[in-house]
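Novice: quick one, structure for this:
(2 chains)
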Protein chains: 2
Amino acid sequence: MVATSVSSSHLVQIAQKTRCEARKLAVLSTIERNEALEAIAQGLESAIPEILAANETDCQVAQTEKISQALYARLKLGETKLKAAIAGVRDVAKLADPVGAVQIHRELDHDLILKRLTCPLGVLGVIFEARPDALIQITSLAIKSGNGVILKGGKEALRSCQTLVKIIHQALSRTKVNPDVVQLLTTREEIKALLTLDEYVDLIIPRGSNSFVRYVQENTRIPVLGHADGICHLYIDRAADLDKAISITIDAKTQYPAACNAIETLLIHQDIAETFLPKIVEALQAKGVKLRGDELTQKFVKIKAATAEDWSTEYSDLILSIKVVDSLNSAINHINRYGSRHTEAIVTEDGETAQTFLNQVDAAGVYHNCSTRFADGFRYGFGAEVGISTQKMPPRGPVGLEGLVTYKYQITGDGHIADTYSGKDAKPFTHKDL
Amino acid sequence: MVATSVSSSHLVQIAQKTRCEARKLAVLSTIERNEALEAIAQGLESAIPEILAANETDCQVAQTEKISQALYARLKLGETKLKAAIAGVRDVAKLADPVGAVQIHRELDHDLILKRLTCPLGVLGVIFEARPDALIQITSLAIKSGNGVILKGGKEALRSCQTLVKIIHQALSRTKVNPDVVQLLTTREEIKALLTLDEYVDLIIPRGSNSFVRYVQENTRIPVLGHADGICHLYIDRAADLDKAISITIDAKTQYPAACNAIETLLIHQDIAETFLPKIVEALQAKGVKLRGDELTQKFVKIKAATAEDWSTEYSDLILSIKVVDSLNSAINHINRYGSRHTEAIVTEDGETAQTFLNQVDAAGVYHNCSTRFADGFRYGFGAEVGISTQKMPPRGPVGLEGLVTYKYQITGDGHIADTYSGKDAKPFTHKDL
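Specialist: The predicted model follows:
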């Protein structure tokens, strides 16, 4: 299989076709969409050898091109990972249908009924890393939520992605879902073109490096679900239980340092700095964490000096900056200034202090006495996660299937006109929730 | 009073101050915010003569500058309109508090509790027409929803706005709400500067002409609530009750032609065109509506020819384009191509046809057998409307107070770490809704 460069006008045609077929997908029943997911699961199951062979070729090429070990680990599928991804398709089928939920049901007047119903967004544009299993998951979530999807995977996974989409198309052709709802782009140039298609694409979900996400955010008028930075803080209050503080710090920094919900800065109240700092420094260093401290911190422990830049750096690595603050308020101000509104946590036994922190810190997630690493759609019980958003407007934080739907207002009447309810003899509305 | 030009760095200071005080407003209780609203109502009441005098000066200057009658009507306050606006402040106080609503309350594990709570956005930037009463309404909605607000009214209302804000500041100084949460900009240059303050302003609400709203949408990275175009359609199906069809058409076009939810194009099924067209043309012309028809329409009635441009024109006036379509599907395709996703309606007695229309038309509002003019926050029973959004992502359609809040996830634990729930001996989450 060979990647073919697709011109921008060809991409418009693809997007139009996707949009057209997505409109039909949008009105299929829950059962019909779930049947399509089951067909995909079966199709993938019977093509396991073919998929693994394509992936093996991708892996061999990647090795000759000397890609990093981390990238290779994501690219490599293997039977276990593939079977888990197929099981994931059936898990998505089992999730509650996000489409058609009645959010408002209200009588405006006799026989004039307002409903607010969830409905699919339309077409999603998802740009993801060289992870073939991500393609399977994204496609399942798109079909479950009634959306068409235009996919672009990392170039190292090209053959894997092409094989997967071919099999998904074959499977869908036996269902009510038109295969055209799932499209695969194969070149980097197409990403740029995709970002201009605000007439046909309703949401862009970029996955990958911070700089890539920022590039997407700055180069499209299409709404973007995701986040660039993940600068999270943990504040150890003067009323903290120090054992909890140590255990949470270690977890939040070291359990998976590359995750966006890992902490980058530890804030410590000055009243406990002398006691706590030697302990936490020892514990962190035992885990291989490199430390950088502000002036006050350096009075208590011998670690490298932090620079101004450290407070706005996402290390994504076993590095942590430490700052001693004189009050809860200073901690909140530091977080609201440098945090990326992702997830922020406090350790304290003082309920009032905790409440002030939870109220005043401006972030999608605000935690008390637990690790920032809980910021995750699966851990929240959403069943699936399509991304974590750090924007202020909803959807915010870990976003499950509800991030892939919107709503519309439906009114059914019997010849009702607005004039009846206007002017001097205006009839009043009943506004009765049903 | 004289307008003072404010430099961009001064504007940053204003925005910072607003943001800082808005954070404190955000954590006030429902009662404290409602007390602030009552203080504003009382302050305005006791300053009625002063407000009317300032407005009278604005009106005199406007008259010498020969502003349009429509603009003058909006600018002119008068005692009745002012008292209604003051009553509106107390109405907003009576609305349900949009802040602090628990949307999710879930046990993740023993003593590890997740809550999703609504919270204010932060700071709103509202740019509105020369309508002093709008300032009163917007300020009330901002305080009710716990947000700071930076206001910029039309230049003709400068003295009215300055007087109102002075009185609002005096009133707030006697409450828990810091007067700095309400700021007034007075120059056109400041709008441009305001649009760049994405670090301090969370939502821009532009009111005014389509071109102004489009300018705002295209010149800011801050989320914008509103819509540029309002091209709405009414489709008269072959199974329509023609009496309902006439009455709804007249209402949707003539009840308030300048409204965004008035229709611009009437689509008529060919099977009823011969019967319906003469009737509706007569009824519309009796109301002074100028008509433009496509080729098929002109076969049945003598009206001006519509050009291609007509289908994408928002007349905002007593003008209507008419097109005869060969099927429901053609009507849906026309609407999905030319509509601005605002509000679209069908008249039919065929339930299945209606359902197909409601399902497949892509718009914030889809109506059956009633006028498009119902698209309005008050008519929907939201108590207040902050704008109508035609974007795909929520909030969509008429937006009430819920459009001025977002949410945050709070987790409280007792030293819980993510590592406990990871790897081989992972503890399962309980995920029990409380």
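
Novice: tell me, how many residues neighbour A:Pro394?
Specialist: For A:Pro394, the count of nearby residues is 21 (other C-beta atoms under 10 Å in any protein chain shown). All C-beta spots, glycine's among them, are computed from the backbone N, C-alpha and C.

Novice: state the pLDDT value of it.
Specialist: pLDDT recorded at A:Pro394 is 91.

Novice: helix, strand, or coil at the nearest residue to A:Val361 once chain neighbours are set aside?
Specialist: Spatial nearest neighbour of A:Val361, chain neighbours left out: A:Glu344 (4.9 Å); criterion: C-beta to C-beta, 6 or more residues apart in numbering or on different chains. Here A:Glu344 is recorded as strand under DSSP: H, G, I helix; E, B strand; the rest coil.

Novice: and the gap between the closest residue to chain B within the stretch 251-400 of chain A and A:Asn261?
Specialist: In the stretch 251-400 of chain A, the residue that lies nearest chain B is A:Cys370 (3.0 Å; C-beta to the nearest C-beta). Distance, A:Cys370 to A:Asn261, by C-beta to C-beta, to the nearest Å: 12 Å.

Novice: compare those two (neighbour count), which wins?
Specialist: Per other C-beta under 10 Å, whichever of A:Cys370 and A:Asn261 has more neighbours is A:Cys370, with 27 against 24.

Novice: B:Gln410 is in contact with the more buried one, correct?
Specialist: No - assessed by C-beta atoms under 8 Å, A:Cys370 is found out of contact with B:Gln410, at 10.6 Å.

Novice: where do the strands of the stretch 151-300 of chain A begin and end?
Specialist: Assigned by DSSP state E, counting those that start in this stretch, the strands in the stretch 151-300 of chain A fall at A:182-185, A:203-206, A:232-236, A:263-269, A:290-293.

Novice: which of those has the lowest mean pLDDT?
Specialist: When I compare the strands of the stretch 151-300 of chain A, strand A:203-206 is least confident, with a mean of 94.

Novice: let's test this: mean pLDDT of stretch A:335-355, rounded?
Specialist: In the prediction, stretch A:335-355 has an average pLDDT of 97.

Novice: so what's the residue of the stretch 251-400 of chain A closest to chain B closest to, chain neighbours aside?
Specialist: B:Gly413 (3.0 Å).

Novice: so the one you found versus A:Thr348, what's the distance?
Specialist: 12 Å.

Novice: mutual contacts of those two, please.
Specialist: Shared contacts of B:Gly413 and A:Thr348 (C-beta atoms under 8 Å, 6 or more residues apart in numbering or on different chains): A:368-369.

Novice: the longest helix along chain A close to chain B?
Specialist: The longest helix of chain A (DSSP state H) is helix A:8-26. Yes - applying C-beta under 8 Å from any C-beta of the partner chain, one finds helix A:8-26 in contact with chain B at A:23, A:26.

Novice: count the neighbours of A:Gly423 for me.
Specialist: For A:Gly423, using other C-beta under 10 Å, the count is 8.

Novice: helix/strand/coil for it?
Specialist: coil.

Novice: same question, A:Ala130
Specialist: Relying on three-state DSSP, one would call A:Ala130 coil.

Novice: neighbours of it, how many?
Specialist: 22.

Novice: now do A:Ser46
Specialist: Neighbour tally, A:Ser46, other C-beta under 10 Å: 11.

Novice: can you tell me which of the strands of the stretch 151-300 of chain A is packed in deepest?
Specialist: Of all the strands of the stretch 151-300 of chain A, strand A:232-236 carries the top mean neighbour count, a mean of 28, counting by mean count of other C-beta atoms under 10 Å in any protein chain shown.
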